[in-house]
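>>> Predicted model, plus sequence, below.
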Amino acid sequence: MSRAESARSNKTDDIPLARRSSPLRRPTKQEASFILLFSGVIATSLLVLSLSLFPGFRRSIFFLSGQAVPSSDGSLLGHYPYPEALKEDLVSVYPGLEVHRDAYKALNSMSAAASAAGIDLVLLSGYRSHDLQREIFYGRKSARNQIAIERAKVSAPPGHSEHSTGYAIDLGDATMRHTDFEVEFENTKAFRWLQKNAAKYHFVLSFPKGNLQKVSYEPWHWRYEGTVEALRQFEPANESLRNQQ
Ligand SMILES: [Zn+2]
């Protein structure tokens, strides 16, 4: 006890007992800032707790920030999550273009059959790493100033592209290159041939018109499902296609 304090406490002894209970002491600056900090921590914790308890509220926050929250089935903006193909499973078709070796075999047989029928298929794209998908998704997004939801209709968010499995390919018609990646590809001989024959080689059109995944119609995008492993990866997407039929 400092001298000043002991003096003050001695003074207290002089005050008659009835008046000794002094009015409420004001908190010191230090105490006040502690109380402020403490209530701030409590308020923030309550806010965080309520955000985690109400997904709807959380969704709206994510929406306002321009991001998206995965659905309960793991899909993000209509696209399902896919792992990257293992390096040793990829084969190079030409520089800069790789596909899963199982899809490659089937693609070769399919191209040969198409060729025999007078159709010249062009392989436009195959495997894409998550990094490349990130560049495509965010690059185009910022270039066209689109929000994530619009962007996802034509390009899957990173980690959610069928191309990362190595099983998905984009095809074009060598005689109609202006239809590459265009809905007009559906009017080419190549597309009509694929519609009739791709299934024989275990290729499936991933995003038909009006698909339940709500991804834009992509007549050029096909995925290979000829092995147990490939089928397993596309099970959630097939479930969605089945519900549509
Ligand atoms: Zn594609």
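Cool, the structure landed.
>>> Alpha carbons only: can I get stretch 204-219 in CSV?
Extracted C-alpha coordinates of stretch 204-219, given in CSV (Å, rounded to 0.1, in the frame of the first residue of the first chain):
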residue,chain,number,x,y,z
VAL,A,204,-20.8,-40.1,-72.6
LEU,A,205,-21.9,-36.6,-73.3
SER,A,206,-21.4,-34.9,-69.9
PHE,A,207,-23.5,-31.8,-70.2
PRO,A,208,-26.5,-32.5,-72.5
LYS,A,209,-29.2,-29.8,-73.0
GLY,A,210,-31.0,-28.9,-69.8
ASN,A,211,-28.8,-31.1,-67.6
LEU,A,212,-29.7,-31.1,-63.9
GLN,A,213,-26.3,-29.9,-63.0
LYS,A,214,-27.4,-26.7,-64.7
VAL,A,215,-24.1,-26.5,-66.6
SER,A,216,-24.4,-25.0,-70.1
TYR,A,217,-25.0,-27.4,-72.9
GLU,A,218,-21.5,-28.6,-74.2
PRO,A,219,-21.9,-30.9,-77.2
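>>> tell me the secondary structure for L124?
When classified by DSSP: H, G, I helix; E, B strand; the rest coil, L124 comes out as strand.
>>> what does S240 give?
With three-state DSSP as the basis, S240 sits in helix.
>>> Just give the nearest non-adjacent residue to it, would you?
With CB to CB, 6 or more residues apart in numbering as the criterion, S240 has its nearest non-adjacent residue at 4.8 Å, and that residue is L212. Using the backbone N, CA and C atoms, a C-beta is placed for each residue, glycine as well.
>>> Is the one you found located within a helix, as I assumed?
No - looking at L212 with three-state DSSP, it is coil, so not inside a helix.
>>> Contact partners for it?
L212 makes contact with 240-241, 243-244 under the criterion CB atoms under 8 Å, 6 or more residues apart in numbering.
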